[in-house]
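Trainee: no sequence for this one, just the structure:
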């Protein structure tokens with residue numbers, strides 16, 4: 001967009017002025033700068049779909065973790081949450097440590113899609 005104009009209007013005055021603009025005149029493209037052109041509905045939809053697909057791809061490629069639903073005691077959850085941000089990471093580390101100690105071996109296998117499908121699940 002081109003330039004910034006400063007004025008003495010209050011936030012309420014700006015909001016009232018914006019509400020007074022007829023819907024058909026929300027934005028008028030001058031036809032010169034392509035960067036200022038509003039996107040069409042099809043372009044917006046395509047952009048959102050591409051962004052969501054990229055986000056999904058990045059999440060699956062960047063993580064060797066499997067999302068699950070787990071029911072735990074409220075006091076256990078409160079204890080981990082009380083430690084601050086990244087409580088899920090600390091819970092995962094605590095489980096890794098417990099498995100390592102309980103079975104005297106490091107946990108290095110990739111996370112299974114389901115526990116029943118994991119070959120080591122029957123040997124634990």
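Mentor: Nice, I can see it. Keep in mind that what you see is a predicted model, and the values were worked out from it rather than measured.

Trainee: quick check: domain ranges of this protein?
Mentor: 11-62, 74-122 (automatic domain parsing).

Trainee: just put these in a markdown table and tack on mean neighbour count, distance to residue 5 and mean pLDDT.
Mentor: Bear in mind the C-beta positions are built from the backbone N, C-alpha and C, glycine included. Shown next, in a markdown table, are these (neighbours: other C-beta atoms under 10 Å; distance: least, C-beta to C-beta, whole Å; pLDDT from 0 to 100):
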| stretch | mean neighbour count | distance to residue 5 | mean pLDDT |
| --- | --- | --- | --- |
| domain 11-62 | 9 | 12 | 82 |
| domain 74-122 | 11 | 40 | 75 |
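
Trainee: what's the closest of the ones you listed to residue 68?
Mentor: Set against residue 68 and scored by C-beta to C-beta, these come closest in domain 74-122, at 9.0 Å.

Trainee: still on that earlier bit, I'd like the domains of the chain laid out as CSV, including distance to residue 68.
Mentor: Shown next, in CSV, are the domains of the chain (distance: least, C-beta to C-beta, whole Å):
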stretch, distance to residue 68
domain 11-62, 15
domain 74-122, 9
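
Trainee: check the chain for me, the residue farthest from its geometric middle.
Mentor: residue 8 (37.9 Å; C-alpha atoms, centre = their mean).

Trainee: quick check, pLDDT for that one.
Mentor: Residue 8 carries a pLDDT value of 86.

Trainee: quick one: it from residue 14, how far?
Mentor: When distance is defined by C-beta to C-beta, to the nearest Å, residue 8 is 11 Å away from residue 14.

Trainee: separation between residue 41 and residue 30?
Mentor: Separation of residue 41 from residue 30 (C-beta to C-beta): 21 Å.

Trainee: residue 32: what secondary structure?
Mentor: Secondary structure assignment for residue 32 (DSSP: H, G, I helix; E, B strand; the rest coil): coil.

Trainee: can you name the element that comes right after the helix ranked longest in the chain?
Mentor: Identified as the longest helix of the chain according to DSSP state H is helix 41-62. Using DSSP states H and E, the helix or strand that follows helix 41-62 in sequence is helix 74-82.

Trainee: what packs against that next one?
Mentor: Secondary-structure packing of helix 74-82 (3 or more C-beta pairs under 8 Å, 6 or more residues apart in numbering; DSSP states H and E): helix 87-102.
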